[in-house]
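# sequence plus predicted model, see below.
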Amino acid sequence: MKSKKLKPEIIKKIVKDNITGIDAVEIIPLINLGSALKGTISCLKQGLIPASYSYSKEKTESAYSYKNYKSWAKSIIVAAKYYYTDEKFPEEKAFGRIARFTWRNNYRYLSLKLKDAVNKISDNTGIPIISKILSNYTSIPEKALCKYSGIADFGKNSVLINRSMGSYFTVGEAFIDLDIDFDEIKELEAPDYTLCGSCNLCRAACPTHAIIKNGVININRCFQYISENLILMPLKYREKWGNRLYGCSICIDVCPYNKNLVPWAKKHNIGFVGQGMDLLEVLSLKQEEWDRTFTDNQIVIRDPGAILKNAITSLGYLEYKKSIDFLFPFLNHEHEIIRAYTAWAIGKINTKTGKKMLYSRYKEEKSQMVKAEIECFL
């Protein structure tokens, strides 16, 4: 039996006084997520959410009604962790960049801090607490919960903005069975993008025009999504790829709220991979080296073929002649998509030896996808 209801201010104070590493915290009720559900269902109907996400109307409705937590959870701790540091990207040409939010596993870091926070709340109140801690959990609309909490609001790129942390922060939640005495339970309001005003820098900067209108993203076009999956992207996107190894944050980086921020974020070592890797080194990674390099980082859950594809695409975009000998073996890769990207990269680098290799491969190739890539350069 739980004791009488506690005020949210008491819970916040316990967290702030006892937990370092949580940079913003609020306590909210299990709000009605109807408006967030409406937006997601609309995107599903328009085909803006890839089928590979395995979303469906039924699954989404179930998740947005807190199906897994509604029987016991009574409130939610919403927290944020700032991750902007003074670390810089190297200038080497054959360096594959990793998006800033993936340099470390800030999701894991914040989840551990939330676990500590729940334990401290229990210790200080004398109340045993059942909890479920989440961060980067796509089945729950974390952004909507964060907006409701007041920690941040939506930008036109559908990324959250906080006035002091910009968009360089990670969000996490702890569902708890603790009774909280909320003075007022408001409705979840739809995003109005008032923080952005007339600014459209994010929409203008997106290389694939994935931000199709304020707050609506065609995920199929987004370089972040493309970098996570072994899929064949259109030629026009490859011409804008740059030297990405994983992720994209252009729409975040150009946002005025992310200019002139103070880089005070803690440089923790959980899942640390740094700013990226030498692209040629990526081509030579064995499975055990892959696991060791990306242990505890979110990249480790991705298909290694997707990261290999990213490296090959970057080398082609850079027209990096020193990579030719490293690329040749991948013309014989078992996966046709890897062979297709390799053929494109070798063609872009445009050496006599490369053209000979493409011609030789073309005579043996059975995949029409790969042959089409080679034909562009013969």
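Perfect, I can see it now.
# can you spell out the domain ranges of the protein, please?
Domain ranges of the chain: 8-86+103-176, 201-375, per automatic domain parsing.
# for residue 93, find the nearest of those domains.
domain 201-375 (6.1 Å; CB to CB). C-beta: built from backbone N, CA, C; applies to glycine.
# tell me the mean pLDDT for that closest one?
Average pLDDT, domain 201-375: 97.
# which stretches in this structure count as strands?
24-29, 75-82, 95-98, 131-135, 153-154, 160-161, 169-176, 211-213, 216-217, 244-246, 276-278 (DSSP state E).
# packing partners for the second one?
Here strand 75-82 is seen to pack against helix 8-18, strand 24-29, helix 106-125, helix 142-149, strand 169-176 when contacts are counted using 3 or more CB pairs under 8 Å, 6 or more residues apart in numbering; DSSP states H and E.
# still on that earlier bit, could I get the domains of the chain as a markdown table with mean neighbour count and distance to residue 186?
As requested, the domains of the chain are arranged in a markdown table below (neighbours: other CB atoms under 10 Å; distance: least, CB to CB, whole Å):
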| stretch | mean neighbour count | distance to residue 186 |
| --- | --- | --- |
| domain 8-86+103-176 | 18 | 8 |
| domain 201-375 | 18 | 20 |
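# distance to residue 93 added to those domains, as a markdown table?
A markdown table is the format used below for the domains of the chain (distance: least, CB to CB, whole Å):
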| stretch | distance to residue 93 |
| --- | --- |
| domain 8-86+103-176 | 20 |
| domain 201-375 | 6 |
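# tell me which of these lies nearest to residue 190.
domain 8-86+103-176 (5.0 Å).
# span of the closest one from start to end?
13 Å (CA to CA, to the nearest Å).
# stretch 131-145 too?
End-to-end distance for stretch 131-145: 17 Å, by CA to CA.
# and stretch 126-135, by the same measure?
Using CA to CA, one end of stretch 126-135 lies 26 Å from the other.
# that stretch: how far from the chain's middle?
The chain centre lies 25 Å from the centre of stretch 126-135; the measure is CA atoms, centre = their mean, to the nearest Å.
# got a list of contacts for that stretch?
The contact list for stretch 126-135, computed with CB atoms under 8 Å, 6 or more residues apart in numbering, reads 2-3, 68-69, 72-73, 107-108, 110-111, 114-115, 118, 121-122, 140, 142, 170-178.
# how much space is there between the nearest residue to residue 373 once chain neighbours are set aside and residue 288?
Closest residue to residue 373 apart from its sequence neighbours, by CB to CB, 6 or more residues apart in numbering: residue 343 at 4.2 Å. Look at residue 343 and residue 288: by CB to CB, to the nearest Å, they are 28 Å apart.
# swap in residue 258?
The value you get for residue 258 to residue 288, if CB to CB is used, is 37 Å.
# try residue 202
Distance from residue 202 to residue 288, by CB to CB: 39 Å.
# before we move on, what about residue 212?
Distance, residue 212 to residue 288, using CB to CB: 42 Å.
# let's have the helices and strands packed on strand 75-82 in JSON lines, adding distance to residue 324.
Compiled in JSON lines, the helices and strands packed on strand 75-82 are given as follows (distance: least, CB to CB, whole Å):
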{"stretch": "helix 8-18", "distance to residue 324": "55"}
{"stretch": "strand 24-29", "distance to residue 324": "49"}
{"stretch": "helix 106-125", "distance to residue 324": "37"}
{"stretch": "helix 142-149", "distance to residue 324": "44"}
{"stretch": "strand 169-176", "distance to residue 324": "39"}
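# out of the ones you listed, which is closest to residue 217?
Proximity to residue 217 (CB to CB) singles out helix 142-149 among the helices and strands packed on strand 75-82, at 11.7 Å.
# now do that closest one against strand 75-82, angle only.
100 degrees (axes from the mean of the first three to the mean of the last three CA atoms, to 10 degrees).
# how distant is helix 142-149 from the center of its chain?
17 Å.
# just stretch 60-78 next, same as before
23 Å.
# and it, how far apart are its ends?
Using CA to CA, the end-to-end distance of stretch 60-78 comes to 21 Å.
# so what's residue 8 up against?
Residue 8 makes contact with 26, 27, 28, 75, 180, 181, 182 under the criterion CB under 8 Å, 6+ apart.
# which one is residue 87 nearest to, not counting chain neighbours?
Counting by CB to CB, 6+ apart, the residue nearest residue 87 is residue 275, at 6.3 Å.
# just checking, the one you found touches residue 86?
No. Judged on CB atoms under 8 Å, residue 275 makes no contact with residue 86 at a distance of 11.8 Å.
# thinking again about what came up before, tabulate the strands of the chain (TSV), appending distance to residue 364.
Output for the strands of the chain, formatted as TSV (distance: least, CB to CB, whole Å):
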stretch	distance to residue 364
strand 24-29	58
strand 75-82	51
strand 95-98	29
strand 131-135	47
strand 153-154	51
strand 160-161	50
strand 169-176	47
strand 211-213	41
strand 216-217	40
strand 244-246	30
strand 276-278	30
